[in-house]
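*Asks:* model this:
(4 chains, ligands or ions: 4)
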2 protein chains.
Amino acid sequence: MYSQAEENYLKAIYTLEKEKIGFISTNNIAKKMQTKASSVTDMLKKLDAKKLVVYERYKGAYLTVDGAKEALKVIRKHRLWELFLVKKLKFKWDKVHDIAEQLEHIQSEELINSLDAFLGFPKTDPHGDPIPDRNGTVVHEKGLSMLKMKVGQSGILKGVRDSSKAFLQYLDKKNLSLGDKIKVVDIEPYDESIHIETKTHRLSVSKHVANNLFLQPKKK
Amino acid sequence: MYSQAEENYLKAIYTLEKEKIGFISTNNIAKKMQTKASSVTDMLKKLDAKKLVVYERYKGAYLTVDGAKEALKVIRKHRLWELFLVKKLKFKWDKVHDIAEQLEHIQSEELINSLDAFLGFPKTDPHGDPIPDRNGTVVHEKGLSMLKMKVGQSGILKGVRDSSKAFLQYLDKKNLSLGDKIKVVDIEPYDESIHIETKTHRLSVSKHVANNLFLQPKKK
DNA sequence: TTTAATTTTTAGGTTTGTCTAAAAATATAT
DNA sequence: ATATATTTTTAGACAAACCTAAAAATTAAA
Ligand SMILES: [Mn+2]
Ligand SMILES: [Mn+2]
Ligand SMILES: [Mn+2]
Ligand SMILES: [Mn+2]
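*Replies:* Ligands and ions are numbered 1, 2, ... in the order given. Sure, this is the predicted structure:
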């Protein structure tokens, strides 16, 4: 049984490892955790002692197999709770993250597995992120970034890279939701902004936005 | 926003005040909280400083209006989560308390009110305890203790005084559930044990058990 | 390759909530 | 009323998780 703080560090390191392999630096973790580097050093020593990370002075740390397993448990809980909030309690997708940050620390195998069953053993959370199963197995096909799509190609919006409140609200405003069929109709050479088309409307999104959208390309 | 420890103390004092009016003693609180009297003294000073209790040296403490309000918020959350676990996740009534002890500390007005709506604004939890509404209003008609019933009288089992795992499992074993219609058929003069009859079976319960059962008497 | 800038660690504190042991106050018994 | 027992408080420590400021190590620049 690990403390909330420990769980949060493991989760942070796990997500940082998705972006960059090898040792994750103290400052990097500090930034993600909104804390000070000195606090991170303290915690890394503790997690190393518990064999959840490998920590080396002045290099940083990476998760051990046990550490990654723990991180995935927390992520599983986080995503199941987010889905519960959206699917059962009718929360908007931009309102669930903060509450899930609390719920992810509830300790009960039975609870989380019952919740999983209650939701019908879902594969993805409200932002398109995969939900690890009870064994910690996680599939990671979030789709292809919209940036990689060619003109004329279309696909289903499967997920977002950035699930910040701001980005989610931007998508709401533009009437884009997971599951929408989107076609790339044109790419502006000047700024690489992308003209897209859904069943109901057309619009243009910046390169930055396109980078944060994952599509499952339609094979024709 | 109060800490989990503070919330637990408030809840403990609240329930102790149901049993005994006036100052609640340090030792009494320590016993309920499974902690040491010295720790309680520390906490009572803190809660007094925050105007959640009135604490007097060598006398004990009682809740202020604000303190009682906070306690009721926690109790509301506890009971709604217990009901969620039973009604939606199919937990048995003897398995929900410990998990609710964790869930009751999740901080989100929106969450708890959505959960309330999701459950259909229930009036009672799985043990027959009343659920305070969002304004903190709580009805407390749990019914009449079975001890007070006369021979020949019958009523509906509405709640339990003791919701320990042991007692709940005893009731399961004896096939007694909330909602059952129960008739007092005889009272043994020797030990005051009570012979009762339900729709499906007859049995005898001790005075101690009868004291822990609340019935809503049938008016004929 | 020195020097300067950045990153990381250490040293020493703080807050929260707990504990043990001893002192003080209150309650009970003779 | 005095002695004894019980309860409660104080004093001093401790662990977890954080902080600031200074020292040490590493990296980048001149
Ligand atoms: Mn999230
Ligand atoms: Mn968290
Ligand atoms: Mn309970
Ligand atoms: Mn209950």
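
*Asks:* all contacts plus neighbour counts: C-alpha atoms, from now on.
*Replies:* Noted.

*Asks:* Now do the contacts for the spatially most central residue of chain A.
*Replies:* The C-alpha lying nearest the average C-alpha coordinate of chain A belongs to A:Asp129 (Cα atoms, centre = their mean; 5.3 Å). The contact partners of A:Asp129, taken as Cα atoms under 8 Å, 6 or more residues apart in numbering or on different chains, are A:79, A:140, A:142, A:159-160.

*Asks:* What distance do you get for A:Tyr190 to DNA strand D?
*Replies:* Distance, A:Tyr190 to DNA strand D, by Cα to the nearest atom of the strand, to the nearest Å: 30 Å.

*Asks:* Could you list the buried residues of stretch A:45-55?
*Replies:* Residues of stretch A:45-55 classed as buried by neighbour count (16 or more other Cα atoms under 10 Å in any protein chain shown): A:45, A:47-48, A:52-55.

*Asks:* Can you pull the residues of chain A lying near chain B?
*Replies:* Proximity of chain A to chain B, by Cα under 8 Å from any Cα of the partner chain, involves residues A:88-89, A:99, A:102-103, A:106-108, A:111, A:114-115, A:118.

*Asks:* Please identify, among these, the one with the most neighbours.
*Replies:* Compared across the residues of chain A next to chain B, A:Leu103 has the highest neighbour count, 22 neighbours, by other Cα atoms under 10 Å in any protein chain shown.

*Asks:* List only those of the contacts of A:Asp129 flagged as buried.
*Replies:* Buried positions within those, assessed by neighbour count (16+ other Cα under 10 Å), are A:79, A:142, A:159-160.

*Asks:* how about these in a markdown table, adding secondary structure and distance to A:Leu176?
*Replies:* Putting the buried ones among the contacts of A:Asp129 into a markdown table (DSSP: H, G, I helix; E, B strand; the rest coil; distance: Cα to Cα, whole Å) gives the following:
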| residue | secondary structure | distance to A:Leu176 |
| --- | --- | --- |
| A:Arg79 | helix | 21 |
| A:Lys142 | coil | 17 |
| A:Gly159 | strand | 11 |
| A:Val160 | strand | 11 |
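
*Asks:* From B:Leu115, how far off is the nearest residue in space to A:Ser108 that is not next to it in sequence?
*Replies:* Excluding the flanking residues, the one nearest A:Ser108 by Cα to Cα, 6 or more residues apart in numbering or on different chains is B:Ile99, at 7.1 Å. In this view, B:Ile99 and B:Leu115 are 16 Å apart by Cα to Cα, to the nearest Å.

*Asks:* A:Pro132 now?
*Replies:* Computed as Cα to Cα, the A:Pro132 to B:Leu115 distance reads 25 Å.

*Asks:* what kind of secondary structure is A:Val54 in?
*Replies:* Here A:Val54 is strand, with the state taken from DSSP: H, G, I helix; E, B strand; the rest coil.

*Asks:* in the sheet, who's paired with it?
*Replies:* With DSSP bridges as the criterion, the beta-bridge partners of A:Val54 are A:Tyr62.

*Asks:* okay but it is in contact with A:Thr64, surely?
*Replies:* Yes. Counting by Cα atoms under 8 Å, A:Thr64 is a contact partner of A:Val54 at 6.4 Å.

*Asks:* where does the residue nearest to the centre of chain A fall, phi/psi-wise?
*Replies:* Its backbone dihedrals place A:Asp129 at phi -80, psi 140, with angles given as degrees, to the nearest 10.

*Asks:* Keeping just the C-alphas, turn stretch A:84-102 into CSV.
*Replies:* Taking only C-alpha atoms (Å, rounded to 0.1, in the frame of the first residue of the first chain), the coordinates of stretch A:84-102 have been written out as CSV:
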residue,chain,number,x,y,z
PHE,A,84,-17.8,6.6,-14.7
LEU,A,85,-18.2,10.3,-14.2
VAL,A,86,-19.0,10.9,-17.8
LYS,A,87,-21.0,7.9,-18.6
LYS,A,88,-23.0,7.5,-15.4
LEU,A,89,-23.0,10.9,-13.7
LYS,A,90,-23.2,12.9,-16.9
PHE,A,91,-20.2,15.0,-16.3
LYS,A,92,-18.6,16.9,-19.2
TRP,A,93,-15.2,15.5,-20.4
ASP,A,94,-13.4,18.6,-19.3
LYS,A,95,-14.6,18.4,-15.7
VAL,A,96,-13.6,14.9,-14.7
HIS,A,97,-9.8,15.0,-14.4
ASP,A,98,-9.6,16.8,-11.1
ILE,A,99,-12.1,14.6,-9.4
ALA,A,100,-10.4,11.5,-10.8
GLU,A,101,-7.1,12.8,-9.3
GLN,A,102,-8.7,12.2,-5.9
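
*Asks:* in it, what counts as buried?
*Replies:* By neighbour count with 16+ other Cα under 10 Å, stretch A:84-102 contains the buried residues A:84-86, A:89, A:91, A:93-97, A:99-102.

*Asks:* And for stretch A:32-48?
*Replies:* Per 16+ other Cα under 10 Å, stretch A:32-48 contains these buried residues: A:33, A:37, A:40-41, A:44-45, A:47-48.

*Asks:* quick one: the residue of chain A most remote from its centre and A:Ser206, what's the gap?
*Replies:* The outermost residue of chain A, judged against the average C-alpha position, is A:Tyr190 (31.0 Å), by Cα atoms, centre = their mean. Counting by Cα to Cα, the gap between A:Tyr190 and A:Ser206 amounts to 11 Å.

*Asks:* what's the pLDDT at A:Asp133?
*Replies:* According to the prediction, A:Asp133 has pLDDT 97.

*Asks:* How about it, nearest residue that isn't a chain neighbour?
*Replies:* Skipping the residues right next to it in sequence, A:Asp133 comes nearest to A:Arg76 by Cα to Cα, 6+ apart, at 7.2 Å.

*Asks:* So what's the gap between stretch A:160-172 and the chain middle?
*Replies:* The offset between the C-alpha centroid of stretch A:160-172 and the centroid of the whole chain comes to 12 Å, using Cα atoms, centre = their mean, to the nearest Å.

*Asks:* near DNA strand C, which residues of chain A show up?
*Replies:* For chain A, the residues in contact with DNA strand C (Cα under 7 Å from any atom of the strand) are A:25-28, A:37-42, A:56-60.

*Asks:* same thing but 6 Å
*Replies:* By the criterion of Cα under 6 Å from any atom of the strand, the positions of chain A lying close to DNA strand C are A:25-27, A:37-38, A:41, A:56-60.

*Asks:* Perfect, I'm done here.
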